[in-house]
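[1] Have a look; sequence and predicted model below, questions after that.
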Amino acid sequence: MSRIEVVRLLCFLVGALGCMASPDPLQAQTGAVTGVVTTTEGRPLQSAQVVIEGLQIGGLSNAQGRYLVQNVPVGQQRITIERIGFRPVTQTVEVRPGETAVADFQLEERAISMEGIVVTGVAAETPETQLPFTVERVDVDEITKIQTVNVAGLLQAKVPGAKVVQGSGAPGSEPSFQLRGPTSITGSQSPLVVIDGVITNGGIADIDPADVESMEVVKGAAAAALYGSRASAGVVQITTRSGANLADGQTQFTFRSSFQSNSIEHYPGVPFHHQWMMNADQTQILDRNGNPITFPRDGAPALNDGGNGRNAFTTFMVNPYPAELPLRDPMKQFFNPGNRITNYVAIGGNEGNTNYRLSFDYTNEEGAIQLAQGLEQFNARLNVGQRFGQFDIAAQAYFAKRDRGLFDEGGGGIIRGLTFTTAAADLTRIDPATGDVAHIGEPINQGNVTRNPLYDLLNTTNEESRVRGLGGLDVNWSPLTWLSFQANGSFDRIETDTHFYQRPGLLRPFNTPATGSISDANDVRLEMNASATAAMTFQVGEDLTVRSRLRYLLESLDESGFSVSGNNLPVANVERISLIGGTPTLDSYNRQVRSMGFFAISSFVYKDRYIFDVLGRRDGSSLFGAEERWQNYYRFSAAWRLSAEPWFNVDWLTELKPRYSIGTAGGRPSFNAQYQTYAVTAGAIAPRTLGNSQLKPELATEQEFGLDAVIAERFRIQANYVDTKVEDALLLVPLPSVAGFENQWRNGATIESNSRELALEASLIERSDLLWTARLNLDRTRTKITKLNVAPYRISDYRAGLYIREGETLGSYYGHKWPTSCAELAAGTDCGQFQVNDDGYLVYVGTGNSWTEGKSKNLWGTTGEVNGVNYSWGLPIGPLNSGYNPPDQKLGDSEPSLNASFLQNLEWKNFGFTVLFDSEFGAQVYNQTMQWRCRDGHCPMMDQTGKPDERQKPVTYYNALGFYSNNRNNSYFTEDADYIKLRELSVRYSLPESQLPAALQRLGISRATVNLTGRNLKTWTDYRGFDPEVGKNTFGGSAAVGRIDEYFYPNFRSVGLDLELVF
């Protein structure tokens, strides 16, 4: 279906609803409801939510606790008043035509409850007490307590079973989400994101947290079945702020200014001594002829091996650098985290039938790399609501423009160049010949010819510009109190331009200058969605409440783009594609995806304690193979509120609800997966991927067993046990040569996981001037590939060492495992000739020797034979220094055995204090960055200064013949990623209008808040990289699965000051 057809359908639906809108005059008659909301002590309550059940109308109480709701249909209406920290109260009010009914409410203070309203994945707005599956909710009161850079930070460590990993600290980079276990081997693990009803794949990095009203997290396929073939990884629904929550007649201005200072807590470090030969008084480094070396890079230094300068087996990194080479950590020169400034302003209003909220924000983030472009972003958002009799219209519009610097992270990027610099390197040194930063930062010629990364930055432009427009329109018609119809249309358009330029004449060590290069790329992505819904909420007798919804929906995706690149630029500093010498490289693409679906859902609540939910959905998509265009999904859920039974007389157990849910959701294939593809090389066409008309979406079936309990209205427990089975997992399968193609996408695997989740929430102190609450979240997920219809294989990224095999954990690292006991060697080996050294590794020592006697007996560099196998003395035992070369073994995996977080919040009078600890245990990270550094003598553990002679190791122990092992994946660089992190800290002071100075009150300020915040302030870990929270998306579709440390932009900690004024 084309884009025009989608728009026509939306117009038809809205028009049809308009034609039906000729209500009976009696039905059109309305009245109003007003009243005052107070505490049980008579104190007025501001911002209490007024909800009229079954209708799309309501409001908030003002500073005096008064509320007014207009245009309420005549008849009996059930009105509920809610406010976080208080018990909800419901009254039935008789509304007469043209009159104003009065209903006052007193709310009892309570910090722990299950009275929130959930809207995601359900038939209609549903109280938590009547929910038969898990939907986690984060409200605005929690959101405003901490200063966070992006929306992902609002969820991080807040929800059990939700993992958020910021794999790269580059400004504007997208975080990786994973809800419960992985649901794909080759696809993304990210949940479906819905923003104000707009389904989007456009990311959330540009959404300002200050615009967020609430977030709901649906963690698995059972609860997410409503969203069909896009929801196997779960759903995150974001609701932004509107004027609907203001009191009638209220206009509110909000100004917020935030300043954030960033820093890197932990640097991996560098050796501050070297392994080169020196003169007698240790003031000069010598070459192999015994001549002093002039810096920078004049001649190759000799090894300090006590001989000819070539024997790394007897060379130790213990010599001091000459005084003419001041020492520093070059990473601290390269990384210099700057500041982040955000200014935010919003105006909202609620007047009669109209509400609105308009907000703007501007952000400037300097980033962590000197001389590099950071991020500059401007956002604007408008939410408008209007009521016309029985019609409610809501419109949303969002605009974001973002410019940021890009960085080639990974094996070929500039950060990798830092692995080849020593403590003697000065990256800011000026080359007197050019007057510019020197193109060689490393002064010692070690045979390494990598350029100074700061020189590259100064002479390279690498940037991205992104413009996003998102909008939606909802039209709701409620002809009866129990019946409503809704039409919805939305779009999300993102245009991204990237530009790369490297000037000609760029110096390259010992090579001719570079000829210059340039590239430009453009991508335009437009998603459109439309739906029509009929919803019913009604009572059958006095005991049965029924909520039902029917929906038909259409989805459209159009994406197109082009790129052009080339070299041999004739002049510098003129960044024009037309100057490319020779033939440029061109590419373009155009993709169209069309999908549709429909579902029916009903929930039944009998006597407020027996709860059932049934859902059926059918999806069709052009992404499915031609023979598998339609797929079905379902859900069945049940819950029993034991505490609501008349015979249940356990007074201290306020709520007790066991529940069960089973449901299915899907994961769609990528655009290219079903098609035959070819490659064109030097004018020749070569077959690549064989098409597959039988390709199906991945199918996740989840069973959730849960228990919700509230004890004495002071403690809340939520426990879940979840089994998930993902069938028809997509694989790119190699084909035999007779097939004529290299590979084919197939449904060829099954993944199974089980998750255990526990959330404990407590109200420790509840007084009128003091509230202290705490929350503990625990979760554990174990995942295995239980079926694989192809031979085991490694992923194409060789650095990862990640292995796909039946019966194996998804995210397993494989490689060489250095023996740590003699039992790992061949049977019959004489174990008397081996010992375990102080690093915990088995080493050959020979008869009568100890691993501590390498220097005293001149044993380093010698070899010995045991059972016909030669071993190098004292080195870890591996294929390059012995005959020991077993098949690759499992080294670890990226899946934690436990995630835990602990949140405390204290409110005392006008002060607030929040602290959040986050932790992970049992996962491993492969430290590729450290492995490369050991190759040329730059990993800090090679520095042997300060160790006694018997514990010192030569450079070969760590580099080519030792742990570096020619870059082969091995256990030495598979590191435990356990950590405990002080994730958030907030100390704030807020003054209400009554306590503000008279001068501020005259300015119209009703509330002023100052908030001192910190994020990622302290990490307790033994990990040797920048941060154990690191990963890449090229494996498993998520940095939460692909935990590889490969020269990434480091994450940093921040301390900020936030000022908010409300008028």
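    Ah, there it is. Numbers count the residues shown, from 1 in each chain.
[2] Would you map the strands across the stretch 501-650 of the chain?
    Secondary structure of the stretch 501-650 of the chain (DSSP state E, counting those that start in this stretch): strands located at 517-540, 544-567, 585-606, 610-621, 630-640.
[3] Relative to residue 670, which of the ones you listed is closest?
    Among these, the nearest to residue 670 by Cβ to Cβ is strand 585-606 (10.1 Å). (Glycine included, C-beta is placed from N, CA and C.)
[4] which helices and strands does that closest one pack with?
    strand 544-567, strand 610-621 (3 or more Cβ pairs under 8 Å, 6 or more residues apart in numbering; DSSP states H and E).
[5] ok, how many other residues are close to residue 513?
    Using other Cβ atoms under 10 Å, residue 513 has 12 other residues around it.
[6] ok, for it, nearest residue in space, not its chain neighbours?
    In this structure, residue 513 finds its nearest non-sequential neighbour in residue 505, 4.8 Å apart by Cβ to Cβ, 6 or more residues apart in numbering.
[7] Quick check, that neighbour in contact with residue 516.
    Yes. With contact defined as Cβ atoms under 8 Å, residue 505 and residue 516 form a contacting pair (7.3 Å).
[8] Neighbour count for those two, which is higher?
    Comparing residue 505 with residue 516 by other Cβ under 10 Å, the one with more neighbours is residue 516, at 25 against 12.
[9] what sits in contact with each of residue 505 and residue 516?
    Residues touching both residue 505 and residue 516 (Cβ atoms under 8 Å, 6 or more residues apart in numbering) are residue 572.
[10] Name every strand pairing with the helix or strand hosting residue 749 and say which way it goes.
    Counting by DSSP states H and E, the element that carries residue 749 is strand 743-767. If you go by DSSP bridges, strand 743-767 pairs up with strand 684-690 (parallel), strand 715-734 (antiparallel), strand 770-788 (antiparallel).
[11] Next, format those as CSV and append mean neighbour count and distance to residue 263.
    Putting the strands paired with strand 743-767 into CSV (neighbours: other Cβ atoms under 10 Å; distance: least, Cβ to Cβ, whole Å) gives the following:
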stretch, mean neighbour count, distance to residue 263
strand 684-690, 13, 47
strand 715-734, 20, 36
strand 770-788, 19, 28
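[12] Can you lay out those as JSON lines showing mean pLDDT and distance to residue 635?
    Listed next are the strands paired with strand 743-767 as JSON lines, based on pLDDT from 0 to 100; distance: least, Cβ to Cβ, whole Å:
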{"stretch": "strand 684-690", "mean pLDDT": "89", "distance to residue 635": "35"}
{"stretch": "strand 715-734", "mean pLDDT": "94", "distance to residue 635": "14"}
{"stretch": "strand 770-788", "mean pLDDT": "94", "distance to residue 635": "21"}
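[13] export those strands to TSV and tack on distance to residue 67?
    TSV is the format used below for these (distance: least, Cβ to Cβ, whole Å):
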stretch	distance to residue 67
strand 684-690	61
strand 715-734	28
strand 770-788	24
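[14] CA atoms only: put stretch 861-871 into CSV for me.
    Only the C-alpha atoms of stretch 861-871 are listed here, as CSV (Å, rounded to 0.1, in the frame of the first residue of the first chain):
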residue,chain,number,x,y,z
GLY,A,861,64.8,-17.7,26.8
THR,A,862,65.7,-21.3,27.3
THR,A,863,63.5,-24.3,26.3
GLY,A,864,62.9,-27.8,27.5
GLU,A,865,61.2,-31.0,26.2
VAL,A,866,58.6,-32.9,28.0
ASN,A,867,57.1,-36.0,26.4
GLY,A,868,58.3,-34.9,23.0
VAL,A,869,56.9,-31.4,23.3
ASN,A,870,59.1,-28.3,23.5
TYR,A,871,58.2,-25.6,26.0
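[15] What ranges does this structure have for its helices?
    3-20, 25-28, 140-143, 152-155, 221-224, 330-334, 414-417, 453-458, 928-935, 998-1002 (DSSP state H).
[16] What residues sit buried inside the last one?
    By 16 or more other Cβ atoms under 10 Å, the buried positions in helix 998-1002 come out as residue 1000.
[17] from the chain's centre, how far out does that helix sit?
    43 Å (Cα atoms, centre = their mean, to the nearest Å).
[18] Tell me where the stretch 501-650 of the chain is predicted with low confidence.
    Along the stretch 501-650 of the chain, the parts satisfying pLDDT under 70 run over 509-511.
[19] In contact with the residue nearest to residue 513, which residues?
    Residues near residue 505 by Cβ under 8 Å, 6+ apart: 513-514, 516, 572.
[20] Phi, psi for it please.
    Here is the backbone geometry of residue 505 (degrees, to the nearest 10): phi 90, psi 0.
[21] gap between it and residue 990?
    Using Cβ to Cβ, to the nearest Å, residue 505 is found at 58 Å from residue 990.
[22] Check residue 625 too.
    Taking Cβ to Cβ as the measure, residue 625 falls 57 Å from residue 990.
[23] What of residue 355?
    25 Å.
[24] now residue 572
    Applying Cβ to Cβ, the value for residue 572 to residue 990 is 55 Å.
[25] The two - which one has more neighbours?
    Comparing residue 572 with residue 990 by other Cβ under 10 Å, the one with more neighbours is residue 990, at 18 against 13.
[26] Which segments of the chain make up each domain?
    The chain breaks down into these domains under automatic domain parsing: 3-109, 818-885.
[27] For the longest one, give the mean pLDDT please.
    In this model, domain 3-109 carries a mean pLDDT of 72.
[28] go on, stretch 748-756?
    95.
[29] what's it in contact with?
    161, 180-185, 220, 720-731, 733, 778-790, 810.
[30] then that stretch to CSV, C-alphas only?
    Provided in CSV are the C-alpha atoms of stretch 748-756 (Å, rounded to 0.1, in the frame of the first residue of the first chain):
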residue,chain,number,x,y,z
GLY,A,748,17.4,-22.1,11.3
ALA,A,749,17.7,-21.9,15.1
THR,A,750,15.8,-21.9,18.4
ILE,A,751,16.8,-19.8,21.5
GLU,A,752,15.5,-20.6,24.9
SER,A,753,15.9,-18.5,28.1
ASN,A,754,14.6,-18.3,31.6
SER,A,755,14.5,-15.1,33.7
ARG,A,756,14.0,-14.6,37.4
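[31] gap between that stretch and the chain center?
    That offset, for stretch 748-756, works out to 21 Å (Cα atoms, centre = their mean).
[32] do stretch 503-513 as well
    With Cα atoms, centre = their mean as the basis, stretch 503-513 stands 39 Å off its chain's centre.
[33] in it, what's buried?
    Within stretch 503-513, the residues scored as buried using 16+ other Cβ under 10 Å are 503-504, 506-507.
[34] Break down the stretch 351-500 of the chain into its strands, ranges please.
    Under DSSP E, counting those that start in this stretch, the stretch 351-500 of the chain gives strands at 354-365, 375-388, 391-405, 430-431, 436-437, 460-480, 483-502.
[35] and the first one, how far from the chain's centre?
    What it means is strand 354-365. 24 Å.
[36] That one versus strand 391-405: what angle between them?
    10 degrees (axes from the mean of the first three to the mean of the last three Cα atoms, to 10 degrees).
[37] just to revisit the earlier point, can I get the buried residues of stretch 503-513 in TSV with distance to residue 369?
    Listed next are those as TSV, based on distance: Cβ to Cβ, whole Å:
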residue	distance to residue 369
503	19
504	24
506	19
507	21
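[38] and of those, the nearest to residue 891?
    Using Cβ to Cβ, those come closest to residue 891 at residue 506, 39.5 Å.
[39] Roughly how far does the nearest residue to the closest one once chain neighbours are set aside sit from residue 208?
    By the measure of Cβ to Cβ, 6+ apart, the closest residue to residue 506 outside its immediate chain neighbours is residue 514, 4.0 Å from it. Distance, residue 514 to residue 208, using Cβ to Cβ: 40 Å.
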